[in-house]
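Kindly return the folded structure for what I paste below:
(3 chains)
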Amino acid sequence: MNLQDIEAFVAVAETGSVNRAAVRLNLTQPATTRRIQNFEASMGDAPLFNRAVKPAVLTSLGNHVLEHCRRVLTAVAELEASTTKTADPAGDLKAGIAHGMGEMVLTTPLDALRRTFARIRLQVSSNWTSNLIKEVRSGALDCAVGLLTDAHTVPAGLTRLSLGADQVVIVAASKTPTRRSGTPWRLRDLASEGWLLNPPGCGCRAALVKAFDRLQLPLHIAAGSAASSGSAPGPPRRSPGAGNDSAHPPGDGKRRAYAACCGCGPT
DNA sequence: GGGCAGATGCGAACTGTTTA
DNA sequence: TAAACAGTTCGCATCTGCCC
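Now for the predicted structure:
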């Protein structure tokens, strides 16, 4: 019996899946399976999981052992903390960055983090914010920097820290009448426009719909931009034709508005 | 019957021990 | 001290069996 086997057992029990446990442990599924097998063998081949069902579930003995294992891991963590209390944080830090935030996060803040905590090994990946939240929840990531709108929810158990606010820029065709200098645009002014939005599920889209609903204004959707692979919406097209959907080809004289969004992902 | 999660076979890499 | 060997752990590829 060793600590790694115990960690694997607890990970499988807590995630309910060997695959998810493997992600949390930074191992492959076969390696995780073998750790569980080793652990069961060290317990005298005691059946800790009922494998007759899929996914496997803990047996009553497994539940009993799980409580002991958690106490063991807690004790080990306390022991480690007692010896490293005065030292800088060290080890692997798996961080996720929302699509579109790379330039903002991967330069100065990350350099500062590396300089401040030299013993931390950073592993950075990029994804949609909603997927990042899932990965943090599953343990695949330690933390993530994302774009959250009012339409996003952060699951219980996760800590949310606001780093700042960003503006969603609405781009309209040049033929849209201009406002007098200094007079701000209001959503009411754009209610008659046709909107080009990311597909349903996009956080910015949901927030816009919510804002229109609040004002009891109609939202005319001219077209939704094509999503990338999967259900996650892609960022706004930056091709020369961006903002021009097939329903209203360039130069047709019809006014249109465009809500830009990059990185928030499905809610 | 297909999809998916878990189990297994096999080889590679790493680590610890033994011996010259 | 260095080479040889054994044991351990891992990942890739593939198989098995459950669930929908």
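
Just the helices from the stretch 51-200 of chain A, written as ranges.
A:60-84, A:102-105, A:108-116, A:129-138 (DSSP state H, counting those that start in this stretch).

what's the last one packed up against?
Looking back up the chat, that one is helix A:129-138. Helix A:129-138 is packed against helix A:18-25, strand A:91-98, strand A:143-145, with contacts defined by 3 or more Cβ pairs under 8 Å, 6 or more residues apart in numbering; DSSP states H and E. C-beta coordinates here come from the backbone N, C-alpha and C atoms, glycine included.

pLDDT score for whichever residue of the stretch 51-200 of chain A sits closest to DNA strand C?
In the stretch 51-200 of chain A, the residue that lies nearest DNA strand C is A:Val53 (3.6 Å; Cβ to the nearest atom of the strand). A:Val53 carries a pLDDT value of 70.

From A:Gly16, how far off is it?
Distance of A:Val53 to A:Gly16, given as Cβ to Cβ, to the nearest Å: 12 Å.

Show me where chain A has its strands.
With DSSP state E as the criterion, chain A has strands at A:49-50, A:57-58, A:91-98, A:120-127, A:143-145, A:170-172, A:194-197, A:220-224, A:256-259.

Need the winner for burial among the helices and strands packed on helix A:129-138.
helix A:18-25 (a mean of 20; mean count of other Cβ atoms under 10 Å).

Show me what the mean pLDDT comes to for it.
Average pLDDT, helix A:18-25: 80.

now that helix against helix A:129-138, angle please.
90 degrees (axes from the mean of the first three to the mean of the last three Cα atoms, to 10 degrees).

returning to that earlier point: as CSV, the strands of chain A with distance to DNA strand C would be great.
Shown next, in CSV, are the strands of chain A (distance: least, Cβ to the nearest atom of the strand, whole Å):
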stretch, distance to DNA strand C
strand A:49-50, 9
strand A:57-58, 9
strand A:91-98, 13
strand A:120-127, 14
strand A:143-145, 22
strand A:170-172, 42
strand A:194-197, 32
strand A:220-224, 29
strand A:256-259, 36
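
Save those strands as TSV, and put in mean pLDDT and distance to A:Met1 too.
Putting the strands of chain A into TSV (pLDDT from 0 to 100; distance: least, Cβ to Cβ, whole Å) gives the following:
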stretch	mean pLDDT	distance to A:Met1
strand A:49-50	78	17
strand A:57-58	80	18
strand A:91-98	80	23
strand A:120-127	78	28
strand A:143-145	87	32
strand A:170-172	76	60
strand A:194-197	82	56
strand A:220-224	71	55
strand A:256-259	49	56
